[in-house]
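Undergrad: make a model of this:
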Amino acid sequence: ATTAAAAEMPATVFGPAFYASLQEKTLPHLNYTQRKIFGTIDKRRKELLANAHDCSQLRVVVVGAGPVGLRVAIELAFLNAHVTLVERRNSFTRHNILHLWDWICSDLLRLGASGAEILGKSFFHIGTRALQTLLSRIALLCGVRIITECEMVQVVEPSSSGAMWRVESKNLATGEKLLLDANVVIGAGGANDVSTQSLGFVSKVMSTSSAMGVVAHFRNERTPEERGFDEFSWARQYNQKLFSDLAEAGADLENIVYYQGDTHYFVMTPKYESLLAAGVIKKDMKPPGDALTRDNIDYDKLRDFTRTVAQFFGLPPSCEFLEKGAVMIFDFSQRKACETCCTVQTHKASGRQLVKMIVGDALLEPFWPEGLGINRGFHTALDAVWALQEHFAGGQTAEAAKLEMVREDLFQMMKALSAFTKGNIVLEAVKRYDLHPKTRYKQYREGAVTRARGKPISISSPRDFKHVASGEAGLAVTLQKQQQEQQQQLQLPTLRQVRPQQTQQQAGAAAAADERPATSAPGASSKQAKSFWENRVSSTDTTTSSSSPAVRHSQMRMDFAGNSSNTDKCTACQKTVYAVERLMADGVLFHKSCFKCEECAKTLSLGAYAAMNGRIFCKPHFKQLFKLKGNYDEGFGAAQHKDKWKRETVLEEVDESKKVGTDC
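TA: All right, here's what the predicted structure looks like:
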């Protein structure tokens with residue numbers, strides 16, 4: 001809506017009344033497939049309202065239509081709150097591709113996303129623009145009012161005893177003002193958005209040793225040559241020769257990740273000296289972060305630098321840069337974090353209350369190589385909504401301090417979350433995650449939070465955490481110092497070590513939750529992709545066999561100095577694997593020379609293999625075996641599921657017959 005239209009918009013055209021009216025008028029005219037979106041929304045609303053308070057008394061203004069702002073708006077709309085979302089932009093223009101952790105995949109599927117939207121060629125990811133489109137569609141159906149080209153200015157106190165607090169906003173094109181009734185304001189505008197300060201929240205800057213990032217987007221014309229280019233994630237310590245060859249080509253990097261979506265998306269961490277030698281940085285400055293001003297960067301040479309990297313890894317030379325925002329360079333050695341995440345402001349004369357909250361990047365700027373923005377941001381969205389429905393569903397509370405404390409405690413639990421600490425902080429059963437924190441946080445469930453408010457506390461050593469997949473571990477190793485320094489500045493809560501009394505089976509199930517997905521089946525449909533995801537996540541909800549690859553992986557530990565333990569054995573030859581020759585694929589450890597296709601014995605790379613039931617194949621033979629029988633069981637030498645069902649049915653019948661004393 002425009003600012004003028006929003007000012008005249010009656011309550012019946014947004015909020016719970018709008019959703020009910022829309023469903024009533026459109027449902028008779030929709031086919032089965034089109035009706036499914038209403039079924040998805042109704043199911044989610046019913047689940048939430050069965051265990052949470054109705055929030056129909058709340059008038060909520062969310063500032064920022066990024067993925068986290070949209071997610072918090074949707075959850076509040078499910079609880080019948082009247083939600084208005086204000087956004088500075090008038091279109092979704094972000095090209096970045098977001099790495100998704102397992103629980104985000106589960107959450108998006110539950111909101112109606114298709115498996116094909118989140119399952120990339122080798123990793124789970126989704127484009128920012130695609131995610132915003134998906135979430136905004138759901139938000140609009142649920143009656144969320146979205147006002148574009150609008151910026152929040154300030155909150156305005158009630159003018160009389162019967163009036164509400166208001167959020168003053170203005171149209172960026174015309175300067176027109178708009179006053180929105182509110183008893184809750186949630187800032188979700190990002191790390192550098194001015195609304196954070198307008199709401200009265202104070203951010204502090206966390207500084208670490210120098211670290212730079214480069215993001216590059218190339219056009220994806222989806223030619224056969226481009227479709228054959230595989231996704232990858234590499235860290236220097238896992239392939240030193242590769243990075244040495246790349247340095248000789250003119251680009252010295254620490255890490256690099258490539259995803260394929262609407263664009264060819266590269267994100268890398270180059271060394272400062274390499275950028276200086278390539279002429280990307282015009283003038284050397286100390287500290288290095290000061291050298292990244294716009295007038296000190298040669299963007300033509302930056303494009304040449306990123307093209308050198310992309311073509312080194314095999315991107316077709318015909319791929320061109322996007323016209324706008326194709327290449328960006330930034331310093332992530334400094335990040336912002338809010339000192340508080342929730343305040344309750346009470347008007348002295350009328351007693352009216354206004355809850356102000358911060359979520360997403362505005363609350364805690366993410367460490368981007370780990371994909372923390374979306375993965376940590378959705379937790380903050382659910383935490384904020386849970387605190388509101390629990391302590392402020394009626395629009396007033398006699399325990400304002402308790403509401404602030406509850407929200408702050410959840411923030412203390414969440415902000416320690418990273419790729420190599422998640423095993424200590426969140427539960428493994430991601431399909432059971434819900435609005436209530438006990439379904440997500442280990443500390444909440446175990447009652448382990450004994451934090452004294454404002455008391456400095458430290459985090460355990462990274463060596464106590466579970467080993468993660470090579471791409472994530474590489475980032476953790478390379479930037480461990482930055483992570484530790486920022487943890488100290490954040491005053492993180494003490495974490496227990498990972499289940500000291502866990503069984504071997506439990507360890508295997510936990511390790512399975514951290515594995516990267518194997519290469520997806522060629523030409524997988526949306527239905528197949530969703531099935532692939534559900535089968536993968538189910539490993540976190542069940543006991544894993546001691547002979548499974550997940551359990552074997554849980555026994556293969558490597559400390560963060562890169563030293564192998566005595567249990568690091570190659571799956572193929574059963575000999576010790578040392579750090580310089582180790583390769584982890586499908587949760588299993590190999591020598592690089594032993595990582596071969598089972599059919600043709602061709603030596604494979606992490607960017608060109610497919611896995612099935614713990615077996616490794618080259619992609620041509622993977623396709624051939626699938627086509628041979630047309631399914632993933634017979635083609636790979638396993639019994640079909642239908643045969644398994646027949647056997648289970650017979651066994652059940654036998655058991656029943658024994659109970660009644662009949663012969664079998």
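
Undergrad: show me the strands in the stretch 551-664 of the chain, by range?
TA: Here the stretch 551-664 of the chain has its strands, by DSSP state E, counting those that start in this stretch, at 582-585, 588-591, 610-612, 615-617.

Undergrad: what's the distance between the most centrally placed residue in the chain and M414?
TA: Closest residue to the average C-alpha location of the chain: N375 at 3.0 Å, with Cα atoms, centre = their mean. From N375 across to M414, the span is 10 Å (Cβ to Cβ, to the nearest Å). C-beta coordinates here come from the backbone N, C-alpha and C atoms, glycine included.

Undergrad: cool, and Q334?
TA: 21 Å.

Undergrad: what sits against the residue lying closest to G373 once chain neighbours are set aside?
TA: Once flanking residues are discounted, G373 sits nearest to P366: 3.9 Å by Cβ to Cβ, 6 or more residues apart in numbering. P366 is in contact with 335, 372-373, 376-377, counting by Cβ atoms under 8 Å, 6 or more residues apart in numbering.

Undergrad: which of Q334 and M414 has more residues huddled nearby?
TA: Neighbours per residue, other Cβ atoms under 10 Å: of Q334 and M414, the larger number sits with M414, 22 against 15.

Undergrad: next up, the contacts around the more buried one.
TA: Per Cβ under 8 Å, 6+ apart, neighbours of M414: 376, 379-380, 383, 425, 441.

Undergrad: closest one to V61 out of those, please.
TA: T380 (17.1 Å; Cβ to Cβ).

Undergrad: how many other residues sit next to that closest one?
TA: 28.

Undergrad: kindly report the same for K36.
TA: 12.

Undergrad: work out for me the element Q311 sits within.
TA: helix 299-312 (DSSP states H and E).

Undergrad: past that helix, which element shows up next along the chain?
TA: strand 327-331.

Undergrad: who does that next one pair with, and is each partner parallel or antiparallel?
TA: strand 212-219 (antiparallel) (DSSP bridges).

Undergrad: buried sites along the following helix or strand past the strand it pairs with?
TA: Downstream of strand 212-219, the next assigned helix or strand under DSSP H and E is helix 224-227. Using 16 or more other Cβ atoms under 10 Å as the burial criterion, the residues of helix 224-227 that qualify are E226.

Undergrad: I'd like the average pLDDT over the next helix or strand after helix 224-227.
TA: The helix or strand immediately downstream of helix 224-227 is strand 232-235, counting by DSSP H and E. On average, the pLDDT along strand 232-235 is 88.

Undergrad: kindly report the same for stretch 163-175.
TA: Mean pLDDT, stretch 163-175: 92.

Undergrad: so what touches that stretch?
TA: Contacting residues not belonging to stretch 163-175 are listed as 2-3, 59, 61, 86, 88, 147, 149-158, 176-183, 185, 345, 347, 350, 352, 354 [Cβ under 8 Å, 6+ apart].

Undergrad: which parts of the helix or strand encompassing L108 are buried?
TA: Here L108 sits within helix 102-110, counting by DSSP H and E. Under the neighbour-count criterion of 16+ other Cβ under 10 Å, helix 102-110 has 102-109 buried.

Undergrad: repeat that for stretch 23-39.
TA: For stretch 23-39, using 16+ other Cβ under 10 Å, the buried residues are F38.

Undergrad: that one: end-to-end distance?
TA: 10 Å (Cα to Cα, to the nearest Å).

Undergrad: contacts for it, please.
TA: Contacts of stretch 23-39 (Cβ under 8 Å, 6+ apart): 112, 138, 141.

Undergrad: quick one: mean pLDDT over the host helix or strand of M413.
TA: In this assignment (DSSP H and E), M413 forms part of helix 400-414. The pLDDT scores in helix 400-414 average 92.

Undergrad: ok, back up a step: kindly reformat the buried residues of helix 102-110 as a markdown table and extend each row with pLDDT and distance to H53.
TA: Output for the buried residues of helix 102-110, formatted as a markdown table (pLDDT from 0 to 100; distance: Cβ to Cβ, whole Å):
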| residue | pLDDT | distance to H53 |
| --- | --- | --- |
| D102 | 90 | 29 |
| W103 | 92 | 24 |
| I104 | 93 | 26 |
| C105 | 92 | 28 |
| S106 | 93 | 24 |
| D107 | 95 | 21 |
| L108 | 94 | 25 |
| L109 | 92 | 26 |
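
Undergrad: just the contacts of P366 now: which is nearest R129?
TA: Nearest member of the contacts of P366 to R129, counting by Cβ to Cβ, is G373, at 14.7 Å.

Undergrad: residues near the closest one, how many?
TA: G373 sits with 24 neighbouring residues when counted by other Cβ under 10 Å.

Undergrad: hang on, isn't it packed against V359?
TA: No: counting by Cβ atoms under 8 Å, G373 does not reach V359; the two are 11.6 Å apart.

Undergrad: by mean pLDDT, which helix or strand of the chain comes out lowest?
TA: helix 549-555 (a mean of 32; mean pLDDT, DSSP states H and E).

Undergrad: which intervals of the stretch 401-550 of the chain have sub-threshold pLDDT?
TA: Scanning the stretch 401-550 of the chain with the threshold set as pLDDT under 70 gives 445-550.

Undergrad: check what pLDDT the residue nearest to G373 gets.
TA: For P366, the predicted pLDDT is 82.

Undergrad: burial of the closest residue to H591 other than its chain neighbours, as a residue count?
TA: Nearest non-adjacent residue to H591, counting by Cβ to Cβ, 6+ apart: C570, 4.8 Å away. C570 has 21 neighbouring residues, counting by other Cβ under 10 Å.

Undergrad: show me the residues around C570 that make contact.
TA: 576-577, 589-591, 594 are the contacts of C570 under Cβ under 8 Å, 6+ apart.
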